[in-house]
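J.: build the 3D model from these lines:
(2 chains)
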There are 2 protein chains.
Amino acid sequence: MTKIVIIGGVAGGASAAARARRLSEDAQIIMFERGPFVSFANCGLPYHIGGEIEQRSKLLLQTPESFLARFNVDVRVMNEVMSINRHDKTVCVKNLLDGSEYHEHYDFLLLSPGAGPVVPPIPGVNNPLTHSLRNIPDMDKIIQTIKMNNVEHATVVGGGFIGLEMMEAFHQLGIKTTLLELSDQVMAPVDKEMAGFAHEEIRNQGIDLRLETALSSVEYIEETSVANLDSGESNEHQHINGHLTLTLSNDEQLSTDILIMAIGVRPEIQLAQQAGLQIGALGGIYTNEMMQTSDPSIYAVGDAIEEKDFVTGTQTLVPLAGPANRQGRMAADNMLGRHEKYQGTQGTAICKIFDLAVASTGKNEKQLKRDNVPYEKVYVHTASHASYYPGAEIVSFKLLFDPHTGKILGAQAVGKDGVDKRIDIMAVAQRAGMTVEQLQHLELTYAPPYGSAKDVINQAAFVANNIIKGDATPIHYDEIDNLTEHQLLLDVRNPGERENDNHFEGDVNIPVDQLRQRINELPKDKEIIIYCQVGLRGNVAYRQLVNHGFKARNLIGGYRTFQFSKK
Amino acid sequence: MTKIVIIGGVAGGASAAARARRLSEDAQIIMFERGPFVSFANCGLPYHIGGEIEQRSKLLLQTPESFLARFNVDVRVMNEVMSINRHDKTVCVKNLLDGSEYHEHYDFLLLSPGAGPVVPPIPGVNNPLTHSLRNIPDMDKIIQTIKMNNVEHATVVGGGFIGLEMMEAFHQLGIKTTLLELSDQVMAPVDKEMAGFAHEEIRNQGIDLRLETALSSVEYIEETSVANLDSGESNEHQHINGHLTLTLSNDEQLSTDILIMAIGVRPEIQLAQQAGLQIGALGGIYTNEMMQTSDPSIYAVGDAIEEKDFVTGTQTLVPLAGPANRQGRMAADNMLGRHEKYQGTQGTAICKIFDLAVASTGKNEKQLKRDNVPYEKVYVHTASHASYYPGAEIVSFKLLFDPHTGKILGAQAVGKDGVDKRIDIMAVAQRAGMTVEQLQHLELTYAPPYGSAKDVINQAAFVANNIIKGDATPIHYDEIDNLTEHQLLLDVRNPGERENDNHFEGDVNIPVDQLRQRINELPKDKEIIIYCQVGLRGNVAYRQLVNHGFKARNLIGGYRTFQFSKK
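T.: Numbers count the residues shown, from 1 in each chain, chains lettered A, B, ... in the order given. This next block holds a predicted model:
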């Protein structure tokens, strides 16, 4: 009889327990969870705070009782594994309710401890109005603080998934919100010019977004102590009444009623480290493609581990729920004698930012630059479905690819409709090893309410292939600020589109439909830098000019891409 | 200077013209269109009739003038090519406005004539109240008839894309509608049990859906002739006032005010046939993978042609806009000296049926059976996104695959949210040659508003792989009516889910969470046919039973699949 011990009862751990039982009725399965809940919907926490998910109970997907009844898994909540003795194959467990300690033997151990919020040692950050959000108790505390402290202003530090979701939750509750982000963009998985769409949406919603701004110190000003001992409150559990004065890296000060620290997460590796398991260079528990740690009896999955990057083949840290769940299932397979190999993580991710979805898969341009990977990029901005059918929204799409082989390196999309779909398509295409040449031929669902006869993806592939084949010579938004006197900017949009200074200074304007008649107005001794709104008319003009012997380049993604890179 | 003549100015023809000009400034490009419009949104016609697309002008994507200005294409509407002289490389053209005829030489000819509605010779079908819908004039006539005849009841014959869209258009206008369909299901690209979801939706909306019912004859009862000559009406253009009495195949009679014939389309091959071009066995113009007909100077694209089926490699007829557009682009490439190969058509399709989307890609079960292709199938019914986040809808998903290699043969999905996305994912995976083994590892966008950590597709892949690996022994909904006395039906749902006779007769009910305790109630000498609502709990129960030595099978897709197969 195989005895499987699992540390951590959320995504990866819970998936492993259920799968292990389905494979074996007689395995003994024990799942330790130091918190009070197992298998809760951690991705749903911000949405309960914001009120979109009304019932807290909806977040509790399983209970120890339901796990026992359905899967015969011995779930021990409020039981924390304190250490692993690899020699004896035992774990030392502390029952957090009564303080007792005991040992439990294992044949296989699964580490699924997750990752904890990083809270840097900012002076004053430890105070009753500062929270991070990882689990149900954290969520409960935030909700309690919002109620008890009559929060009118909230500050969120960090523009990643949780930071953005908390920002939206506060906004949903009618709370004025400041979002501080150290870098020049939110949502690090996408590049800055794509994050620009998010910046605009965030500011349009009235959020005080401050990029390139860090939190330097926090002062907690306790206004009154209001523990109502008669009504059962204690000094720990009481009405909170106070506010925080934040000092920012630019020396500005900000008064706020609640502070959420969401600058990132760090793998929980303490147990693994103490047990002498290999830790990777990125600070996660090392695992091989079987999800085994450096000790073949110990597996690890989820946010705590380093796994293989699908695109680069190197080790990576990707704290996301999808990989965690699939890794858990696979670890169970392998503990029970199978030989399943994890295929690597692309880091496919999506975030809802008010009405906008921002999503990506594979590598972004920042990573490719850092790693000196040769790449080319294209942008398209095109309708989520037939533009003549109501409800179409622009999908802004960025495709990164190898300029020689056409291999897909990454994709990013932003918009109000159809963003998840386009990134899913790219995630599948990338995983399948497709090239941008093959993307042209994708045959996707089309009816006016759902798509276009030439989908966003087909269009992006056409542009990419034009570049690869030499049918287009691209110029990118980040080169426009550095043109020389040997180059001439040509706007082929209609004059109405240029109003309110919506064009590059010093350009010439000839609408594309007049270009053939007016082509002699252009100099042959300069390189013509053509642009339009999104790049499509620019390409028509580009083809005309080069076929007439001009030297020309077309601004990929058009003026719109440039515009949002500045947001 | 290459001279390209294009016959047909909509999807494929217009795409070819634009691409040809982008490749060559000096090519001479003439596009003939016998109708008054080019490049109109033919997929949008039913939605303008129904009022969703309010402005008729939105359907007119390009005009001859805009095509000339942007692409220098000589567009001749109301000019019909009457014959092709392949020897001289000329076409004979009739100007439909003045009746004159003339010849035009070509270096390359592109046939993009489309497909016309099939109207069988039903007695009485030629009358002023009977229409089919192919182009803008057809649409205008239908709109005029609705207005002039004060239509209160409409009848649509044919439950394909156009029939379903017209049904919905009438319903949108508050017109009582009957839909007649000869076969036992609407939406032929999906299988009957998947069409069952559409049947329920259609009936729930109050449509009089009559399956397995044909139209036998039509009687036109003209009530009054109301040509108002003073107001400019003539006998051809007048108020229509009358109704139709339809006789159906079951001898029933039906009175209706307008009749739409939408039983299907047939390739327009007359010109090609007269010119001696090869016609395929399915009745379309034969093309090779370069989009060339049997005459290398003549290319053909779109609804009129036979192309390669991506899955089977055999010739197929797929009258859809996506392939037509891509074929047109590719034909232009090849006419101008490139060597682009068409990669075959999967037949990816989607239809909006009220709030439901019904979509598919690849082969369906009917086709696989007909062609004796070995296949296995799985069904899942699971939430379009995290079920705890508002707005999740069930996606009902069917996956067809090779039971030995795991090759994807086809996929179908029905639901109110996320259907297009799932079929797009499958269309990409199939085109990339992925197996169901690989589908397990897909890493798709996940955040609660958009997906699930284990997406619909991952879940279907898990079920399929369980079958391939022998971890699951399936039984299908279509086998339940033929069980023997050696089999016992076991419902593992909760008693509440069985109310109102929502279970199989003669079954035993043990909820899955009680199964371990009550396992001895089950006989070991019978095969236990396990079922639950969608198949998930059934699998948990199945694994328990087989691991305890029982012989068992699990109903894939659960009771829900069975239920809808009867709708």
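J.: tally of neighbours for residue A:371?
T.: Counted with other C-beta atoms under 10 Å in any protein chain shown, residues neighbouring residue A:371 total 12. In this view, the C-beta of every residue, glycine as well, is placed from N, C-alpha and C.
J.: with residue A:549 instead?
T.: Using other C-beta under 10 Å as the criterion, the residues surrounding residue A:549 number 8.
J.: got a list of what it touches?
T.: When contacts are counted by C-beta atoms under 8 Å, 6 or more residues apart in numbering or on different chains, residue A:549 touches residue A:524.
J.: can you confirm it is in a strand?
T.: No: assignment of residue A:549 by DSSP: H, G, I helix; E, B strand; the rest coil gives coil, placing it outside any strand.
J.: give me phi/psi at it?
T.: phi 90, psi 10 (degrees, to the nearest 10).
J.: how close does it get to residue A:524?
T.: 7 Å (C-beta to C-beta, to the nearest Å).
J.: same deal with residue A:327?
T.: Residue A:327 is 60 Å from residue A:524, by C-beta to C-beta.
J.: between those two, point out the one with more neighbours.
T.: Per other C-beta under 10 Å, whichever of residue A:327 and residue A:524 has more neighbours is residue A:327, with 27 against 11.
J.: quickly note the distance from the more buried one to residue A:373.
T.: Taking C-beta to C-beta, one finds residue A:327 at 26 Å from residue A:373.
J.: what's the answer for residue A:351, then?
T.: 25 Å.
J.: before we move on, what about residue A:249?
T.: 32 Å.
J.: residue A:274 now?
T.: Separation of residue A:274 from residue A:373 (C-beta to C-beta): 37 Å.
J.: ditto for residue A:350
T.: Relative to residue A:373, and taking C-beta to C-beta, residue A:350 is found at 24 Å.
J.: for these two, indicate the residue with more neighbours.
T.: residue A:350 (24 against 15).
J.: give the bridge partners for that one, please.
T.: residue A:359 (DSSP bridges).
J.: give me the spatial nearest neighbour of the closest residue to chain B within the stretch 151-300 of chain A, chain neighbours excluded.
T.: Closest approach of the stretch 151-300 of chain A to chain B (C-beta to the nearest C-beta) occurs at residue A:161, with a separation of 7.6 Å. Nearest in space to residue A:161, with sequence neighbours left out and distances taken as C-beta to C-beta, 6 or more residues apart in numbering or on different chains, is residue A:351 at 5.3 Å.
J.: hang on, that neighbour packs against residue A:358?
T.: Yes: counting by C-beta atoms under 8 Å, residue A:351 does reach residue A:358; the two are 5.2 Å apart.
J.: in the stretch 1-150 of chain A, which spans are strands?
T.: A:3-7, A:28-33, A:74-77, A:79-85, A:90-95, A:101-105, A:108-111, A:115-117, A:130-131 (DSSP state E, counting those that start in this stretch).
J.: the shortest one pairs with which strands, parallel or anti?
T.: Here the strand partners of strand A:130-131, with direction, are listed using DSSP bridges: strand A:258-261 (parallel).
J.: mind showing which ranges of chain A have poor pLDDT?
T.: Scanning chain A for pLDDT under 70 picks out A:224-240.
J.: any idea how far the closest residue to residue A:135 other than its chain neighbours is from residue A:74?
T.: Nearest non-adjacent residue to residue A:135, counting by C-beta to C-beta, 6+ apart: residue A:35, 5.6 Å away. Distance of residue A:35 to residue A:74, given as C-beta to C-beta: 17 Å.
J.: what's the answer for residue A:527, then?
T.: 72 Å.
J.: count of neighbours near the residue nearest to residue A:135?
T.: Counted with other C-beta under 10 Å, residue A:35 comes out at 19.
J.: ditto for the one 4 residues further on
T.: Around residue A:39 sit 23 other residues, with neighbours defined as other C-beta under 10 Å.
J.: go on, residue A:174?
T.: 8.
J.: isn't there a helix covering it?
T.: No: going by three-state DSSP, the assignment for residue A:174 is coil, not a helix.
J.: next, the buried residues of stretch A:130-150.
T.: A:130-136, A:138-139, A:142-143, A:145-146, A:148-149 (16 or more other C-beta atoms under 10 Å in any protein chain shown).
J.: quick one: stretch A:155-175 to chain centroid distance?
T.: 14 Å (C-alpha atoms, centre = their mean, to the nearest Å).
J.: typo on my end, stretch A:133-141
T.: Worked out by C-alpha atoms, centre = their mean, stretch A:133-141 lies 20 Å from the chain centre.
J.: run through the bridge partners of residue A:286.
T.: residue A:306.
J.: show me the contacts for it.
T.: A:277-280, A:293-294, A:305-306, A:315.
J.: can you give me the first-to-last residue distance of stretch A:527-545?
T.: Distance across stretch A:527-545, first residue to last, is 10 Å (C-alpha to C-alpha, to the nearest Å).
J.: and what of stretch A:209-222?
T.: 27 Å.
J.: what distance do you get for residue A:532 to residue A:499?
T.: Distance from residue A:532 to residue A:499, by C-beta to C-beta: 15 Å.
J.: neighbour count winner among these two?
T.: Shown here are residue A:532 and residue A:499; by other C-beta under 10 Å, residue A:532 has more neighbours (25 against 8).
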